[in-house]
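**Student:** could you look at this predicted model? Sequence included:
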Amino acid sequence: MRYWGYLTAKLAVAAVALAALWNLVLRWFPPPDIRINNQPAPFLHDLDYTLTVLVFGLFAVGVVYLAIWDQRYRCRICLRRLRMPVETGSWESMLQFGKPQTEYICPYGHGTLKVPEVQITGHEGADWIPHEDIWKELTRY
């Protein structure tokens, strides 16, 4: 539950920051007074305003994408960034050693994230495998 709450909080902070930036854009380009000379809306009629709206839209999409991308590589338990990427599998011997993938691990041993490198049968999502105590699993033998 903390994992999704953290994502919601990041998106809420991004929304507040983008709303403040949008208010600055609206202050920079005040709306025309339609009652005086019957001017059309500035979008698609004013090049500066249209380019500013385009850049703002691209920036907003980029901020949301970065928030979601950062969330993907966080531990589901402690919300720390996953570390120690290890490449497994083999491109040359997929049938023998398995598909190539990258495994990330939580530094405190809460779990591992397996991200497939090849998408043969369509988009495959990352696989989160929780661990009770990974250090007991590693010293079991």
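**Tutor:** Sure thing, it's come through. Computed from a predicted structure; not experimentally measured.
**Student:** worst-scoring helix or strand of the protein, pLDDT-wise?
**Tutor:** Ranking every helix and strand in the chain by mean pLDDT, DSSP states H and E puts helix 34-37 at the bottom, with a mean of 59.
**Student:** look up how far Glu92 lies from Gly98.
**Tutor:** Relative to Glu92, Gly98 is positioned 12 Å away (CB to CB, to the nearest Å). From N, CA and C alone the C-beta is placed, and that goes for glycine too.
**Student:** ignore what I typed, I meant Leu66.
**Tutor:** 34 Å.
**Student:** then Arg80?
**Tutor:** From Arg80 to Glu92 the distance is 34 Å (CB to CB).
**Student:** same thing with Leu18?
**Tutor:** Counting by CB to CB, the gap from Leu18 to Glu92 is 46 Å.
**Student:** same question for Thr8.
**Tutor:** Distance from Thr8 to Glu92, by CB to CB: 43 Å.
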